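Participant: No sequence on hand, only this structure:
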């Protein structure tokens with residue numbers, strides 16, 4: 001693996017992080033798909049699994065440069081920088097488009113997932129009984145998850161920690177949407193909206209010299225929730241990376257088949273033509289989150305009528321496919337250069 005990266009490579013890594021961060025926040029879309037299609041999935045998993053006992057010893061002994069090089073720190077730091085920026089910028093822009101141009105955004109995501117299926121499948125020729133069976137299981141699991149009824153919100157810190165472990169799987173397992181799992185677990189708004197907004201407000205106030213948030217019990221609670229969720233995410237990210245690194249090394253064909261299955265199954269989640277079902281009380285009144293937004297609980301899917309809006313949506317599906325093909329082209333180019 002080459003350690004030398006040009007400025008363009010570094011910039012594209014940050015952009016890839018932006019893409020992963022935005023994808024991880026959208027229900028039904030997996031950040032792992034971005035990594036897989038853009039051609040850095042295996043390097044991502046390899047780098048994460050280097051966070052082990054050896055890395056911990058280097059860190060404890062104060063050998064920071066050796067630790068940084070050992071875990072492929074430049075790659076991870078640039079990627080995570082993009083994800084962090086995404087959470088406070090790109091994801092907010094994405095939220096705006098989902099509210100105002102929902103059909104077309106979901107259509108683009110649908111096209112990107114179709115393109116991802118093509119990308120992963122085009123060079124995979126090891127189809128046999130085991131891989132076909134794994135493919136079917138992946139499809140069934142993906143579809144089943146998309147039709148589960150969501151639970152109620154739960155801010156118990158142990159449960160929040162488990163949510164962090166489970167939700168981060170979307171970064172390491174392509175086709176498995178961590179944000180949609182959070183909807184199923186009932187904690188999407190709590191962990192990816194309310195707590196993130198609480199952190200944003202706190203950082204803004206600190207830079208303004210205002211430290212009154214320490215006396216705000218609700219703000220402190222939300223920051224605790226976010227801290228525990230982040231800790232769970234880190235634990236899950238490192239744990240999943242070690243497991244996936246082993247599986248990819250010893251069972252690559254079966255793993256690839258299951259990934260294809262998960263991605264096919266996730267098409268049900270991002271089906272563009274659906275009516276959003278919002279959380280409501282017993283009298284039918286909509287319940288809003290702390291930012292005044294309606295809380296999504298699930299989707300009711302339907303077949304579209306053939307009209308100008310549908311044709312435009314189909315155009316966006318094609319655009320989504322072309323985006324993935326462009327990422328594939330760039331990923332192949334990068335691998336040739338770094339070979």
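Facilitator: On my side now, so go ahead. Everything numeric in this text was worked out from a predicted model, so none of it was measured. Numbering: from 1, shown residues only.
Participant: Which pLDDT value belongs to the nearest residue to residue 141 once chain neighbours are set aside?
Facilitator: In space, and not counting its chain neighbours, residue 141 is closest to residue 265: 6.3 Å by Cβ to Cβ, 6 or more residues apart in numbering. C-beta: built from backbone N, CA, C; applies to glycine. If you check residue 265, the pLDDT there is 82.
Participant: Please give me every residue in contact with residue 265.
Facilitator: By Cβ atoms under 8 Å, 6 or more residues apart in numbering, the residues touching residue 265 are 138, 139, 140, 141, 142, 143, 144, 145, 146, 175.
Participant: ditto for residue 300
Facilitator: By Cβ under 8 Å, 6+ apart, the neighbours of residue 300 are 274, 275, 277.
Participant: Residue 270: what secondary structure?
Facilitator: Of the three states, residue 270 takes coil according to DSSP: H, G, I helix; E, B strand; the rest coil.
Participant: Dihedrals phi and psi, it?
Facilitator: Main-chain torsions, residue 270, degrees, to the nearest 10: phi -100, psi 10.
Participant: thinking again about what came up before, what separates the strand or helix carrying the residue nearest to residue 141 from the chain centre, distance-wise?
Facilitator: Secondary structure assignment for residue 265, by DSSP states H and E: helix 252-266. Put simply, helix 252-266 sits 16 Å off its chain's centre (Cα atoms, centre = their mean, to the nearest Å).
Participant: Show me how far the next helix or strand after that helix is from its chain's centre.
Facilitator: Sequence order places strand 274-278 as the next helix or strand after helix 252-266, per DSSP H and E. Mean C-alpha position of strand 274-278 versus that of the full chain (Cα atoms, centre = their mean) differs by 21 Å.
Participant: okay, the contacts of residue 265 in TSV with distance to residue 78 next?
Facilitator: Shown next, in TSV, are those (distance: Cβ to Cβ, whole Å):
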residue	distance to residue 78
138	31
139	34
140	37
141	33
142	31
143	35
144	36
145	31
146	33
175	25
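Participant: Out of these, grab the one that's most surrounded.
Facilitator: The most crowded member of the contacts of residue 265, judged by other Cβ atoms under 10 Å, is residue 175 (28 neighbours).
Participant: Same question for the longest helix seen in the chain: list its buried residues.
Facilitator: Assignment by DSSP state H gives helix 217-250 as the longest helix of the chain. For helix 217-250, a neighbour-count test (16 or more other Cβ atoms under 10 Å) marks 219, 222-223, 225-226, 228-230, 232-233, 236-242, 244-245, 248 as buried.
Participant: most surrounded residue in the contacts of residue 300?
Facilitator: That'd be residue 274 among the contacts of residue 300, by other Cβ under 10 Å, with 17 neighbours.
Participant: what's that one in contact with, if anything?
Facilitator: Applying Cβ under 8 Å, 6+ apart, we find residue 274 in contact with 106, 299, 300, 301, 302.
Participant: And for the fourth one, the neighbour number?
Facilitator: Read it as residue 301. Neighbours of residue 301 under the rule other Cβ under 10 Å: 14.
Participant: need the contact list for it.
Facilitator: Going by Cβ under 8 Å, 6+ apart, residue 301 touches 268, 271, 273, 274.
Participant: Next, format these as JSON lines and append pLDDT and distance to residue 213.
Facilitator: Converted to JSON lines, the contacts of residue 301 look like this (pLDDT from 0 to 100; distance: Cβ to Cβ, whole Å):
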{"residue": "268", "pLDDT": "78", "distance to residue 213": "41"}
{"residue": "271", "pLDDT": "86", "distance to residue 213": "41"}
{"residue": "273", "pLDDT": "91", "distance to residue 213": "43"}
{"residue": "274", "pLDDT": "83", "distance to residue 213": "38"}
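Participant: Who are the contact partners of residue 317?
Facilitator: Residue 317 makes contacts with 107, 108, 110, 111, 114, 272, as judged by Cβ under 8 Å, 6+ apart.
Participant: how about low-confidence regions in the stretch 151-300 of the chain?
Facilitator: Within the stretch 151-300 of the chain, the ranges that satisfy pLDDT under 70 run 151-152, 170, 174-176, 288-299.
Participant: Tell me which stretches of this protein form strands.
Facilitator: 274-278, 296-301 (DSSP state E).
Participant: picking up where we left off before, can you tell me which of the contacts of residue 265 is nearest residue 122?
Facilitator: Distance to residue 122, by Cβ to Cβ, is smallest for residue 175 among those, at 16.1 Å.
Participant: relative to its centroid, which residue of the protein is most remote?
Facilitator: Each residue of the chain has a distance to the centre, and by Cα atoms, centre = their mean the biggest one is for residue 283: 34.6 Å.
Participant: Next up, phi/psi of residue 71, please.
Facilitator: phi -90, psi 10.
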